[in-house]
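Peer 1: Prediction below, plus the sequence it came from.
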Amino acid sequence: MPTTTNAYKQRLKSVLNQLHIDSMRKKRKLKIPGVESRQDLLTAKRNAKMARSTHAYVRGNTIQFYDWLEKAEIRSLPHGPATWICGDCHTGNLGPIADANGRIEIQIRDLDQTVIGNPAHDLIRLGLSLATAARGSALPGVKTINMIEALFAGYAEAFDDQSAQEADAAKRPEVARVVMREAVRRSWKHLARERLEDIQPTIPLGDRFWPISSDERAQIEALFEKDTIASLATSLRGRPNTGNVTVLDAAYWVKGCSSLGRLRYAVLLDVDGGVIDGDDLCLIDIKEGVKAAAPRYPDVVMPRDNAERVVEGARNLSPHLGERMRSATLQGRPVILRELLPQDLKLEIEQVGETEAMSVARYLALIVGRAHARQMDKETRRNWLSEMKRTRTKSMDAPMWLWSSILELVGSHEVGYLEHCRRYALAAAG
């Protein structure tokens with residue numbers, strides 16, 4: 001690419017970026033925070049999100065789950081094989097994911113807490129998430145019991161019927177069918193309007209995207225000058241590697257709940273220099289990799305770098321996502337990069353209907369079970385299934401260790417949620 005063209009593109013980017021910031025501030029009169037005031041605002045946003053419902057509190061307060069694991073009678077839990085686990089397996093962390101060739105499956109979509117640990121922890125956390133969704137939906141208590149029974153049945157199916165794992169379309173509940181249909185029909189324009197509000201090559205500043213400093217911008221641009229990182233954008237959807245990947249725009253991304261306060265950036269790239277349509281544009285999510293709070297098994301070998309750990313966990317648990325991720329270093333911290341595809345969606349199950357409650361629980365547990373089972377040989381799967389069923393009783397189909405764990409956790413999180421609301425309300429009033 002000629003030098004004059006590169007110089008023109010750099011000037012054009014600078015002018016577009018400044019005009020965009022000025023217009024957003026003037027027309028929408030947004031109070032956009034600077035770098036120095038981010039943390040306080042992010043903490044307030046996180047507290048507000050967690051105060052919305054018990055289910056939201058469970059999603060944003062992973063630490064309370066791990067605290068319970070440390071204090072619980074661990075001897076009553078089955079000791080599963082050393083397996084990569086999600087570590088934060090709630091309903092919002094599952095959803096449709098596209099691979100590099102556009103094939104779509106529902107898999108685990110957030111691996112910040114992934115470690116090699118006890119797979120029982122994922123099943124318990126998923127059960128807690130579903131139970132709080134049931135309570136938020138005002139379902140009768142017996143329905144919650146039925147959901148936990150269905151949860152265990154779906155998870156066990158992944159180990160008992162390994163040969164039939166891929167034929168799951170008929171097993172999807174309506175909520176999964178709806179989100180899959182949405183994922184299949186989506187294009188770049190859907191992603192752009194949802195994330196960027198338009199299809200122009202800029203990131204709109206506002207509540208979700210905040211401006212970054214010139215130093216942050218320079219470090220992000222330097223990151224994409226590396227071939228190993230630039231290839232993340234050029235390798236997907238058959239894009240030709242015709243030249244350098246160019247950073248068109250970048251912003252701090254106010255996203256998630258438990259991740260608020262970490263490094264998080266949205267980066268808009270031009271892949272082939274044309275900026276003609278969606279195939280030329282690429283939206284990258286950069287997220288800081290932090291030390292996992294999830295308990296890991298002792299003496300297992302995992303990457304010491306937290307970004308590399310997340311990528312390796314994704315490759316084992318969610319192959320569609322793992323092949324689209326890279327680890328790197330930004331501002332001296334480990335970060336994970338992945339391209340956001342239009343087909344990547346989350347299952348929003350804040351509430352669950354009475355008629356679908358059991359099918360939702362069964363199906364989501366099946367997805368998690370498959371992620372675990374694909375890492376085990378036939379004998380290990382058989383032994384793990386036998387170990388899980390060890391404390392089943394005549395009164396219910398789920399083992400007692402699963403039911404009693406979820407019961408304790410629902411109680412402690414209900415208390416924690418109300419206490420959080422009290423503290424948040426007092427802080428907001430002050």
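Peer 2: Nice, thanks for sending it over. Numbers count the residues shown, from 1 in each chain.

Peer 1: Helices of the stretch 251-400 of the chain, residue ranges please.
Peer 2: 306-317, 319-322, 357-373, 378-388, 400-429 (DSSP state H, counting those that start in this stretch).

Peer 1: Please identify which of those helices is closest to residue 41.
Peer 2: With C-beta to C-beta as the measure, helix 400-429 is the member of the helices of the stretch 251-400 of the chain nearest residue 41 (13.2 Å). Where you see a C-beta, it was placed from the backbone N, CA and C, and this is true even at glycine.

Peer 1: Distance from the closest one to the middle of the chain?
Peer 2: Relative to its chain's centre, helix 400-429 lies at 22 Å (C-alpha atoms, centre = their mean, to the nearest Å).

Peer 1: Got phi/psi on the residue nearest the centre of the chain?
Peer 2: Nearest to the geometric centre of the chain sits residue 110, at 2.7 Å (C-alpha atoms, centre = their mean). Torsion angles at residue 110 (phi, psi; degrees, to the nearest 10) stand at phi -140, psi 120.

Peer 1: related to what we said a few turns ago, where among the helices of the stretch 251-400 of the chain is average confidence lowest?
Peer 2: Among the helices of the stretch 251-400 of the chain, helix 400-429 carries the lowest mean pLDDT, a mean of 85.

Peer 1: Which stretches in the stretch 1-150 of the chain count as strands?
Peer 2: 83-85, 94-98, 104-108, 115-117 (DSSP state E, counting those that start in this stretch).

Peer 1: could you redo the ones you listed as TSV and give each row distance to residue 357?
Peer 2: Output for these, formatted as TSV (distance: least, C-beta to C-beta, whole Å):
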stretch	distance to residue 357
strand 83-85	25
strand 94-98	16
strand 104-108	18
strand 115-117	28
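
Peer 1: Mean pLDDT for the ones you listed - can I get that in TSV?
Peer 2: TSV is the format used below for the strands of the stretch 1-150 of the chain (pLDDT from 0 to 100):
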stretch	mean pLDDT
strand 83-85	98
strand 94-98	88
strand 104-108	90
strand 115-117	97
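
Peer 1: Check the ones you listed for me and report the most buried one.
Peer 2: strand 83-85 (a mean of 27; mean count of other C-beta atoms under 10 Å).

Peer 1: Quick one: residues in contact with that strand.
Peer 2: 114-119, 121-122, 294, 312-313, 316-317, 372, 375-376 (C-beta atoms under 8 Å, 6 or more residues apart in numbering).

Peer 1: Off-centre distance for stretch 322-330?
Peer 2: 14 Å.

Peer 1: buried set for it?
Peer 2: 322-328, 330 (16 or more other C-beta atoms under 10 Å).

Peer 1: Those residues: which two are farthest apart?
Peer 2: 323 and 330 (21.4 Å).

Peer 1: Not including adjacent chain positions, what is the nearest residue to residue 62?
Peer 2: Distances taken as C-beta to C-beta, 6 or more residues apart in numbering put residue 88 closest to residue 62, at 5.0 Å, once the chain neighbours are dropped.

Peer 1: Repeat that for residue 381.
Peer 2: Closest to residue 381 by C-beta to C-beta, 6+ apart is residue 159, at 4.5 Å.

Peer 1: Can I get whichever strand or helix holds the one you found in PDB? Just the C-alpha atoms.
Peer 2: Using DSSP states H and E, residue 159 maps to helix 141-160. Output in PDB follows, covering the C-alpha atoms of helix 141-160 (Å, rounded to 0.1, in the frame of the first residue of the first chain):
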ATOM      1  CA  GLY A 141     -41.100 -24.300  45.100                       C
ATOM      2  CA  VAL A 142     -42.000 -27.700  43.600                       C
ATOM      3  CA  LYS A 143     -41.000 -26.400  40.200                       C
ATOM      4  CA  THR A 144     -37.600 -25.400  41.500                       C
ATOM      5  CA  ILE A 145     -37.200 -29.000  42.700                       C
ATOM      6  CA  ASN A 146     -38.200 -30.300  39.300                       C
ATOM      7  CA  MET A 147     -35.700 -28.000  37.700                       C
ATOM      8  CA  ILE A 148     -32.900 -29.300  39.800                       C
ATOM      9  CA  GLU A 149     -33.900 -32.900  38.900                       C
ATOM     10  CA  ALA A 150     -34.000 -31.900  35.200                       C
ATOM     11  CA  LEU A 151     -30.600 -30.200  35.600                       C
ATOM     12  CA  PHE A 152     -29.000 -33.400  36.800                       C
ATOM     13  CA  ALA A 153     -30.700 -35.500  34.200                       C
ATOM     14  CA  GLY A 154     -29.500 -33.300  31.400                       C
ATOM     15  CA  TYR A 155     -25.900 -33.200  32.700                       C
ATOM     16  CA  ALA A 156     -25.800 -36.900  33.200                       C
ATOM     17  CA  GLU A 157     -27.100 -37.500  29.600                       C
ATOM     18  CA  ALA A 158     -23.900 -35.900  28.200                       C
ATOM     19  CA  PHE A 159     -21.900 -38.800  29.800                       C
ATOM     20  CA  ASP A 160     -24.400 -41.600  29.400                       C
END
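
Peer 1: can you state the direction angle for that helix and helix 378-388?
Peer 2: Helix 141-160 and helix 378-388 meet at an angle of 160 degrees, taking axes from the mean of the first three to the mean of the last three C-alpha atoms, to 10 degrees as the criterion.

Peer 1: quick one on the thing from earlier: closest to residue 175 among the contacts of strand 83-85?
Peer 2: Once C-beta to C-beta is applied, the member of the contacts of strand 83-85 that ends up nearest residue 175 is residue 122, at 20.1 Å.

Peer 1: What residues does the closest one make contact with?
Peer 2: Residue 122 neighbours (C-beta under 8 Å, 6+ apart): 85-87, 89, 368, 372.

Peer 1: Alright, that wraps it up for me.
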